[in-house]
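*Asks:* have a look at this prediction, sequence included:
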Amino acid sequence: MKPIRLLIADDSGFMRIAVRKMVAIDPEIEVVGEARNGLAAVNLVRELKPDVITMDVEMPELDGVSATRMIMAERPTPVIMLSSLTQNGARITLEALEAGAVDFISKSSSFVQLDIVKVDRELREKIRYWGRQPTRSGAAWASTPGPGTPAPSALAVSFAATAAVPLPETPRLRPGKAPRSVDLVVVGVSTGGPKTFPLLLKACGSLRCPMVVAQHMPPYYTASFAEHLNRETGLDVAEGVDGMVLSPGRVAIIPGGKDGVIGYGIGGNKLLNIRIVREAPIHPSADVLFESALRVSESPVAVVLTGMGSDGTRGSRGFSSRGLPVLVQTPASCIVGGMPQAVIDNGLASSILSISEIGARLREWCNN
């Protein structure tokens, strides 16, 4: 198997050396070039045609966001952003994801030893994942949008090219009936969420019930994400705080690095309680959110969108056992189809839908 060709773009010599050393122990990854700024990165992509790029956010001459935008317009290639764990770093990283970056890794400003170990493991895992996508050397990377069309991420182009391919076998759907009056929507989403979730909100609009979202993100990022969603959709979107009242129409994003648990409030209102559930392997945890919704809500709906891993599958079992709906995004339309596919493979999905279809279904059920 050919190694994954990696280009490192970072204005810090220390970080370039650090990334090179992190991937040197992995025989599947080969560093083919290093760029000290965004402009050099764009030029090296033309020359070297790497399979994956790690991109610093802030660089001289041309920043990481602008460089990503140019790369996606000329030769779409998976770009993984390496950003600082700060509010400003979160904001810029979200801009990069909109520009076409497929993923990100956050690091503390001090880059202490424990942080290096975490980044090391996560970085190699993500480089291997994105570098092994089917179109890494195929023509789909070269597809470009028409005039006036927003550039999709490289992986969105990749999956769009294979969206018509049928599944090996017909998915086993759990039979269920439409709920009479939905009182809560809970959503689990991970990689690809910053590009996908705004589309869902625009598709469903303001609902007559609250929505709570477990988006896998580190601290700082969810606040910027909520602000971005608020501006983009005009809906009542906010980062959740402990004790937040979940009023109709409100979309609460669970804070990064923590978990959200639905509880009872005064007068029949539902509350969002923020805590860290130590047993959960990832925070925010969709499983924790889903299971708490079942304890409080009479007629909730679970939604599982794009993401790596299987978070949301365990929580979907409770919905399945009570005959409640679990709507999952079609894996072929996901930037990463792992989370929806895990729910499907376990026979817990009641419907497998596109983002627009999920939005229409929620509008119908929640505004009835």
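*Replies:* Structure's in. What do you need?

*Asks:* excluding its backbone neighbours, what's nearest residue 44?
*Replies:* residue 33 (4.8 Å; Cβ to Cβ, 6 or more residues apart in numbering). For every residue, glycine as well, the C-beta is placed using N, CA and C.

*Asks:* surely that neighbour touches residue 48?
*Replies:* Yes - using Cβ atoms under 8 Å, residue 33 is in contact with residue 48, at 5.0 Å.

*Asks:* the residue nearest to residue 44: what secondary structure?
*Replies:* Following DSSP: H, G, I helix; E, B strand; the rest coil, residue 33 is assigned to strand.

*Asks:* shared neighbours, residue 33 and residue 48?
*Replies:* residue 7 (Cβ atoms under 8 Å, 6 or more residues apart in numbering).

*Asks:* ok, the two, which is more surrounded?
*Replies:* residue 33 (18 against 15; other Cβ atoms under 10 Å).

*Asks:* tell me where the model's unsure across this structure.
*Replies:* Across the chain, the ranges flagged by pLDDT under 70 are 85, 108-118, 134-178.

*Asks:* cutoff 50 now
*Replies:* 112-114, 136-170 (pLDDT under 50).

*Asks:* how about the contacts made by residue 274?
*Replies:* Listed by Cβ under 8 Å, 6+ apart, the contact set of residue 274 reads 240-242, 254-255, 258-261.

*Asks:* I'd say residue 102 and residue 79 touch.
*Replies:* Yes - between residue 102 and residue 79 there is a contact at 6.3 Å, judged by Cβ under 8 Å.

*Asks:* what about stretch 239-255, start to end distance?
*Replies:* 6 Å (Cα to Cα, to the nearest Å).

*Asks:* distance from that stretch to the middle of the chain?
*Replies:* Its chain's C-alpha centre and that of stretch 239-255 lie 19 Å apart, by Cα atoms, centre = their mean, to the nearest Å.

*Asks:* same deal with stretch 29-49?
*Replies:* 26 Å.

*Asks:* one more: stretch 279-291?
*Replies:* 15 Å.

*Asks:* buried set for that stretch?
*Replies:* 280, 282-291 (16 or more other Cβ atoms under 10 Å).

*Asks:* against residue 24, how distant is residue 186?
*Replies:* Taking Cβ to Cβ, to the nearest Å as the measure, residue 186 falls 42 Å from residue 24.

*Asks:* these two: which has the busier surroundings?
*Replies:* Shown here are residue 186 and residue 24; by other Cβ under 10 Å, residue 186 has more neighbours (27 against 11).

*Asks:* which parts of the stretch 251-368 of the chain are strands?
*Replies:* 259-264, 270-275, 300-304, 326-329, 351-353 (DSSP state E, counting those that start in this stretch).

*Asks:* looking at these, which is nearest to residue 121?
*Replies:* Across those, residue 121 has its closest neighbour in strand 259-264 (21.9 Å, Cβ to Cβ).
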